[in-house]
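J.: Model the following, please.
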Amino acid sequence: MARYIGPKTRISRKFGEPIYGPDKNFDKSSNPPGSHGSNAKRKKMSIYGIQLKEKQKCKYTYGVLEKQFALTFSKAASKKGITGEILLQLLESRLDNVVYRLGIAPTRDGARQLVSHRHITINGKVVNIPSCFVKPGDIIAVREKSKSMEVITNSLASNRSSKFTWLEWDESMMTGKFMSVPERTNIPENIKEQLIVELYSK
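T.: Modelled structure (predicted):
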């Protein structure tokens, strides 16, 4: 399965919320995709369908492929604690997501590209694997030669990192610290993770 590169507003309309962030087109029309509009009669979704839709929403939100998602879920299930919460904590700990949360990139897709193109370091070492997990105490930074990139400077102007208590950003050094694994109550994504756990438990 290739990564989805089609119209993002269509996907947001499918789930009924702007999962990729602010979207002017979604604001104009948030009805599900199709030519019948908001008055169309739609079939009642089964429990399985609801669970599957929640998993798909989570995958699209974090930009994770099916195999990656299944492996991440298996890792979450093997740990002690609430599986659904641990799943989201692992997804939040991915390097591409941390780069996005710190404000270095405007989107998760953009964060993946920066990592893949070797613009990001962890503890001083260049890392080009977006799916690698960041650990508490790790320092995520922009490479020296990449600090003047327009896409990075423009994104940092939004200063998103101040919104997240588990991250610390040093503007002068262009470095961020992953302070701790976030608590579920602090993760802003509107995902019903228990439905995903129930789906995998079938």
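
J.: For the rest of this, base every contact and every neighbour count on C-alpha atoms.
T.: Fine.

J.: okay, which residue is most central for the chain?
T.: With distances taken as C-alpha atoms, centre = their mean, the chain has Tyr62 as the residue nearest its mean C-alpha position (3.0 Å).

J.: what about Leu88, neighbour count?
T.: 22 (other C-alpha atoms under 10 Å).

J.: which ones are touching it?
T.: Leu88 sits next to Arg184, Glu193 when contact means C-alpha atoms under 8 Å, 6 or more residues apart in numbering.

J.: In space, what's closest to Glu85 - neighbours in sequence excluded?
T.: Arg184 (6.0 Å; C-alpha to C-alpha, 6 or more residues apart in numbering).

J.: what does Val115 give?
T.: Asn128 (4.9 Å).

J.: how many neighbours does that neighbour have?
T.: 19.

J.: can you pull out the helices in the protein?
T.: If you assign secondary structure with DSSP state H, the helices in the chain sit at 8-15, 24-28, 47-62, 66-77, 83-92, 95-101, 108-116, 150-156, 193-200.

J.: what number of residues lie near Lys79?
T.: Neighbour tally, Lys79, other C-alpha under 10 Å: 11.

J.: So which of the helices of the chain is the most surrounded?
T.: Comparing those by mean neighbour count (mean count of other C-alpha atoms under 10 Å), helix 95-101 ranks first with a mean of 25.

J.: tell me the mean pLDDT for it?
T.: For helix 95-101, mean pLDDT is 97.

J.: Now do the domain split for this structure, please.
T.: Domain ranges of the chain: 8-91+189-200, 94-180, per automatic domain parsing.

J.: Could you tell me the least trusted of those?
T.: Looking across the domains of the chain, the weakest by mean pLDDT turns out to be domain 8-91+189-200, at a mean of 82.

J.: Any idea what Thr175 is bridged to?
T.: Thr175 forms beta bridges with Ala141, Asp170, as assigned by DSSP bridges.

J.: Please list all residues in contact with it.
T.: Thr175 touches Ile139, Ile140, Ala141, Val142, Trp169, counting by C-alpha under 8 Å, 6+ apart.
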